[in-house]
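Peer 1: For reference, the sequence and a predicted model appear below.
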Amino acid sequence: MPDPTPADIRRWRRYLANERAEAAVYRDLASRRTGDEREILLAIAEAEARHEGHWLALLGPHQVGRPLRGDLRTRALGWLARRFGSVFVLALAQRAEDRSPYEDDADATSAMAADERVHGEVVRALAARGRARLSGTFRAAVFGANDGLVSNLALVLGIGATGVATPIVLATGIAGLLAGALSMGAGEFVSVRSQRELLAASNPDPLTSASLPHLDVDENELSLVYRARGMTEVEAHAHAAEVLADLRAFAPPEEHDDHEEIGSDLGAAVSSFLFFASGAIIPVLPYLFGATGIVAVIIAAVLVGIALLATGAVVGLLSGGSPLWRALRQLGIGLGAATVTYLLGLAFGTTLA
């Protein structure tokens, strides 16, 4: 093998530093988990250590010198993992694995490139578990905050553009905040509660097994249960016969929380109320602090724009997509709606004048 160039050495040392940093991230995440998730994360850390050994072998005598640190993205991921260990970190780790450079690097083995692809899928699955655990409340929180930002900005700007006095604009904004937050909270409570009730009504009754010893074997009405569940008549009769031959086969199903992904109705309602209110208060702030006219409009639009960028980026991170694209999309939609209502307010203001 020819002697490596200085560029090769720098690249290998950078890969080595990143592998060490990524292994530390997975160990930190594992320290905050138990059971299968802990074992899976530790196994990924061991794989990163194998990759580390590959770069150490290539570097050989060129390992000397001050050890390089991982790139900024990997170091930031490690900082988050040590402090939070949350689904946000797993989502970021998923994106990091998806960006692995080993596919196009001749010095990385095909096994290493395959490892990184598999790691991406493993982390994606772990992140999906976390998303499922928080999806109901998080959905209500994000939608509530965005609705509060956009709807109250549109309301405040639309009313302000008609030329009414600042106290009226302020009162309108506060009324919009309270009305919207109460409506969102009530709507989320009813929505989530209804979904949970519908699922509960569809779950099999675990007490059904107590009736089996009393069934008329000749009539075999148990087969009707299986026909109702989608089996053909022949399949239902055959399966019912098997069950009656061994009553233990019809044991109550293992308990499973089918409502996990929906979340708590009360949690969704409270989150929706609070986050709508927290979003809706932002466009009102300039008027609360005495700003008027076009100055208040500009300040409100800027504050809401920053908030929309933040919420869009968070959704992007959790979904494993591009935070920048989702942040800009959120900004465009929100400010676009507010601009339309502001122009309508100007038109109505001119008409009334």
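Peer 2: Done, it's in.

Peer 1: can you give me the helices in the stretch 251-353 of the chain?
Peer 2: Taking DSSP state H, counting those that start in this stretch to define them, one finds helices in the stretch 251-353 of the chain at 265-280, 285-288, 293-319, 323-352.

Peer 1: wait, which of those helices is closest to Val169?
Peer 2: Closest of these to Val169 is helix 285-288, at 5.7 Å (criterion: Cβ to Cβ). C-beta here means a position set from N, CA and C on the backbone, and glycine is covered the same way.

Peer 1: what is the mean pLDDT for that closest one?
Peer 2: Model confidence over helix 285-288, given as mean pLDDT, is 91.

Peer 1: Repeat that for stretch 299-308.
Peer 2: pLDDT averaged over stretch 299-308 gives 91.

Peer 1: Please write out the alpha-carbon positions of that stretch in PDB.
Peer 2: The C-alpha coordinates for stretch 299-308 follow below in PDB (Å, rounded to 0.1, in the frame of the first residue of the first chain):
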ATOM      1  CA  ILE A 299     -42.300  43.700  15.500                       C
ATOM      2  CA  ALA A 300     -45.200  41.200  15.700                       C
ATOM      3  CA  ALA A 301     -44.400  39.700  12.300                       C
ATOM      4  CA  VAL A 302     -40.700  39.300  13.200                       C
ATOM      5  CA  LEU A 303     -41.400  37.700  16.500                       C
ATOM      6  CA  VAL A 304     -43.900  35.300  15.000                       C
ATOM      7  CA  GLY A 305     -41.500  34.500  12.200                       C
ATOM      8  CA  ILE A 306     -38.800  33.500  14.600                       C
ATOM      9  CA  ALA A 307     -41.200  31.300  16.500                       C
ATOM     10  CA  LEU A 308     -42.500  29.700  13.300                       C
END
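
Peer 1: Could you pull out the buried residues of stretch 184-200?
Peer 2: Across stretch 184-200, burial judged by 16 or more other Cβ atoms under 10 Å covers 184-185, 188-189, 191-193, 195-196.

Peer 1: now the helices of the stretch 251-353 of the chain as JSON lines including mean neighbour count and distance to Ala23?
Peer 2: As requested, these are exported to JSON lines (neighbours: other Cβ atoms under 10 Å; distance: least, Cβ to Cβ, whole Å):
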{"stretch": "helix 265-280", "mean neighbour count": "23", "distance to Ala23": "35"}
{"stretch": "helix 285-288", "mean neighbour count": "19", "distance to Ala23": "45"}
{"stretch": "helix 293-319", "mean neighbour count": "18", "distance to Ala23": "22"}
{"stretch": "helix 323-352", "mean neighbour count": "16", "distance to Ala23": "25"}
